[in-house]
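Predicted model and sequence follow; I will ask about them next.
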Amino acid sequence: MSEHHQEHHILSIKTAGTVLGLLLALTALTVAVSRIDLGFMNVAVALTLATTKSLLVITYFMHMKYESRFFRIIVFICFLILAVFIGMTFFDVAYRHGG
Amino acid sequence: MENTNAVKSFYEDSGSSRTGIMSWLFTTDHKRIGLMYMYVLLAMFVVGVCLGLAIRLELIAPGKTIMEAQTYNAVFTLHGVIMIFIVVIPSIPAAFGNMILPIQLGAEDVSFPRLNLLSWWLYITGTVMALFSLFTGQGAPDTGWTFYVPFSEFTTTNVSVAVIAVFILGFSSILTGINFITTIHRLRAPGITWTKMPLFAWSLYATGWIQVLATPVLGITVLLIFVERVLGVGLFDPNKGGDPILYQHLFWIYSHPAVYIMILPAMGVVSDIIPVFARKNIFGYKTIAVSSLMIAFAGSLVWAHHMFTSGMSDTAVLIFSLLTFVVAIPSAIKVFNWTATLYKGSITLEPPLLYSLGFIFLFSVGGLTGLILGSAGTDIHVHDTYFVVSHFHYVIFGGTGFGLFAAMHYWLPKMYGRMYNKKVAKIAFAVLFVGFNLLYMPLFVIGLQGMPRRYYDYLPQYQTGHMISTFGSWILALGLIIMFVNLYKGYTKGPKIGRNPWGGSTLEWQTMSPPPLLNFDREPDTSRRPYDFKGVTPDE
């Protein structure tokens, strides 16, 4: 494995700090939004915030930004499939009352 | 067997310093691992069959026959859990995929042999835990194999151990899937291009992706049941803001694609067998290969057709019903292509072909009755009746089961180097086929008449159907006994065979029987297409 992975990208303190700040801000936003009743949008907003946070973690802290194109495509496909699974359950949840 | 002089078979050369049983339990040889899978899953198959026979015997007459209601609930749960998670899901991929796939690709082993051994050990651990759940705690699980909430959260029976067992079995399946996908990508011999790969390998490739992508969902889902039972978080409890239907979504997101984990490899077996015994190139090689991938893809998007009466939205019912009809297309492509391959072929009705034809007939009955269930309007009437029970037994037993039997008659002579009695094999097939239809066909009728599934007792009007069905179960059991005894006798004492008893043109028929440790005693010829029989004749 080592011959393929000699280069190990090191995140600068500035980037890591910015991402950390963003994550903390988004967490605060998550808590704040949870106190407001947006009806059906409650779930949509919570999922959007959670997705944004996980994207930041995957991109920077898990170094996906610096991986080869192949790995990025594979990870993208996996998340796409997950999004399809979650999205399709919304055909049920979103229309359950009166649909 | 041919004179192979110094080359030893994989039985004589284990490739390690271990001897005896240890050379099997800690082997990294894909053939030995495949055989070990087969031995365990066949043993568990026998257990599952006995439980099934007990269910049928209980149902021969209304009221109590041989067991109490609570025992009955536990027995049908165990029958389902054992048959689905321990027998059918690993059956063809784990046993025959391991034995045959690397040889068909011209490889020496799978990509990750030690991971392969770990898969087997996880499988054994999960199986032992599932059995452990029967005899510990406060009684065997009684939820049915689907572990539906809220009952599974609150029943006092030993559900916690059973779901952890399923979690571990899932890991085994994921690792096998990863291994096969990587092996197919990386270890094909020079000359074995994607379009020269046997269709069995293609089916395992499609199966591998489902195993890798869908099984983690099951792992999380059963883990959530455990969490609910221990911590009572309330994910599925409406009183705490949870949603019980969400459980059904999560469960079926895996468990419907799991049906394709079960059936796709069997379709691969049939696609490999039919051309050999029709002495004809397969009709529509590429469409069969692509339809495997289409089934894997489309089959992953139809899960909620199990939930039409659950209370989910009408919009979801409409969309999932439509998608269900879409998945019928690639399945029908395969059946059409198999039939077209047989057309004007030079057919010899050897046992592997008979079991394959049995597969096509029974799977077609199962598939077409699936459309009645996939259509939301008709499903409302037959949901949770014996119609469903009969449908999935036609698909899973008639499909995967007969596919497994076909594989056992086709490839095991290669693994053991001996041949069974073909006449007895044909008799066994006839008995099995009659018994199978006698067992499950009446269930369609009483299902349409309104007999609900999973009920311990029933109204007298359903007794005739139940009685015929129970009678059929005895004939089926007789057929299984004849088949297994014949195979056992054949593989221990039968006449020795050469390299190619059937006249197959894929690579496994170029090596000696049984194969050597690293699969080939001489360089295989990879220039030939997989179903090109010009100049290939069976050994005499």
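Everything's here; your move.

pLDDT below threshold where in chain A?
Residue ranges of chain A with pLDDT under 70: A:1-7, A:98-99.

Tell me the residues of it that contact chain B?
Chain A comes close to chain B at residues A:78, A:81, A:84-85, A:88-89, A:91-96, A:99, as judged by Cβ under 8 Å from any Cβ of the partner chain. Just so you know, the C-beta spots here come from the backbone N, C-alpha and C atoms, and that holds for glycine as well.

before we move on, which element is whichever residue of the stretch 151-300 of chain B sits closest to chain A in?
Nearest residue of the stretch 151-300 of chain B to chain A (Cβ to the nearest Cβ) works out as B:H249 at 4.9 Å. Using DSSP states H and E, B:H249 falls within helix B:244-278.

do A:F85 as well
helix A:69-93.

Domains in chain A, by residue range?
Domain ranges of chain A: A:9-66, A:67-99, per automatic domain parsing.

Just give me the neighbour total for the residue of the stretch 151-300 of chain B closest to chain A.
Here the number of neighbours of B:H249 (other Cβ atoms under 10 Å in any protein chain shown) works out to 24.

check contacts around it.
By Cβ atoms under 8 Å, 6 or more residues apart in numbering or on different chains, the residues touching B:H249 are A:T89, A:D92, B:W303, B:A304, B:M307.

Residue 84 - nearest residue in space that isn't next to it in sequence?
Because you didn't say which chain, this covers chain A. B:L301 (7.3 Å; Cβ to Cβ, 6 or more residues apart in numbering or on different chains).

Oops, wrong one, chain B.
Once flanking residues are discounted, B:I84 sits nearest to B:W145: 5.4 Å by Cβ to Cβ, 6+ apart.

Can you tell me how far the one you found is from chain A?
Distance from B:W145 to chain A, counting by Cβ to the nearest Cβ, to the nearest Å: 21 Å.

Are we agreed that that residue is in a strand?
No. Checked against DSSP: H, G, I helix; E, B strand; the rest coil, B:W145 lies outside a strand; its state is coil.

Quick check: phi and psi at it.
phi -70, psi -10 (degrees, to the nearest 10).

Ok, the one 10 residues further on next?
For B:T155, the backbone dihedrals are phi -60, psi 140 (criterion: degrees, to the nearest 10).

which parts of the stretch 201-350 of chain B sit against chain A?
Close to chain A, as judged by Cβ under 8 Å from any Cβ, the stretch 201-350 of chain B has residues B:213, B:217, B:243, B:245-246, B:249, B:253, B:300-301, B:304, B:311-316, B:319-320.

Now do the contacts for residue 77.
Since no chain was named, I'll use chain A. No contacts exist for A:I77 under Cβ under 8 Å, 6+ apart.

Please refer instead to chain B.
Applying Cβ under 8 Å, 6+ apart, the residues near B:T77 are B:A140, B:P141, B:D142, B:T143, B:G144, B:W145.

what's the neighbour count on whichever residue of the stretch 351-500 of chain B sits closest to chain A?
Distance from chain A to each residue of the stretch 351-500 of chain B (Cβ to the nearest Cβ) is smallest for B:A376, at 13.2 Å. Counted with other Cβ under 10 Å, residues neighbouring B:A376 total 18.

Please tell me which one of the residues of chain A next to chain B counts the most neighbours.
A:D92 (26 neighbours).

And the strands in chain B, which stretches?
In chain B, no segments count as strands under DSSP state E.

Quick check: residues of it near chain A?
Going by Cβ under 8 Å from any Cβ, the residues of chain B near chain A are B:213, B:217, B:243, B:245-246, B:249, B:253, B:300-301, B:304, B:311-316, B:319-320.

I'd say the residue of the stretch 351-500 of chain B closest to chain A and B:V317 touch.
Yes. The criterion here is Cβ atoms under 8 Å, and B:A376 meets it with B:V317 at 4.9 Å.

Now list whatever residues contact both of the two.
B:F308.

hang on, the earlier thing: which among the residues of chain B next to chain A count as buried?
B:213, B:217, B:243, B:245-246, B:249, B:253, B:300-301, B:304, B:312-313, B:316, B:319-320 (16 or more other Cβ atoms under 10 Å in any protein chain shown).

tell me the two of the residues you listed that are most distant?
Farthest pair in these (Cβ to Cβ) is B:L213 and B:S313. Separation: 25.4 Å.

From B:S505, how far off is B:T537?
11 Å (Cβ to Cβ, to the nearest Å).

When those two are compared, which one has more neighbours?
For the pair B:T537 and B:S505, the greater number of neighbours falls to B:S505 (22 against 9), based on other Cβ under 10 Å.

before we move on, back to that, look up how far B:S271 lies from the residue of the stretch 151-300 of chain B closest to chain A.
33 Å.

go on, B:S473?
Counting by Cβ to Cβ, the gap from B:S473 to B:S271 is 30 Å.

What residues does B:N421 make contact with?
By Cβ under 8 Å, 6+ apart, the contact set of B:N421 is B:N486, B:K489, B:G490, B:G494.

If I look at the second one, what pLDDT would I see?
The model reports B:K489 with a pLDDT of 97.

Count the neighbours of it for me.
Each residue near B:K489 was counted by other Cβ under 10 Å, and the total is 14.

thinking B:P102 is in contact with B:T183, fair?
Yes. Using Cβ under 8 Å, B:P102 is in contact with B:T183, at 6.4 Å.

neighbour-wise, which of the two wins?
B:P102 (33 against 25).

residues in contact with that one?
B:H30, B:E108, B:D109, B:V110, B:T183, B:L187, B:N519.

Distance of it relative to B:F533?
Distance from B:P102 to B:F533, by Cβ to Cβ: 23 Å.

Now do the same for B:G401: its pLDDT.
At B:G401, the predicted lDDT confidence score is 97.

how about the nearest residue to it, chain neighbours excluded?
Distance criterion Cβ to Cβ, 6+ apart; nearest residue to B:G401, sequence neighbours excluded, is B:V88 at 7.7 Å.

go on, B:G268?
B:S203 (2.8 Å).

repeat for B:V389
In this structure, B:V389 finds its nearest non-sequential neighbour in B:R453, 5.0 Å apart by Cβ to Cβ, 6+ apart.

shouldn't the one you found be in contact with B:S390?
No. Using Cβ under 8 Å, B:R453 is not in contact with B:S390; the gap is 9.6 Å.
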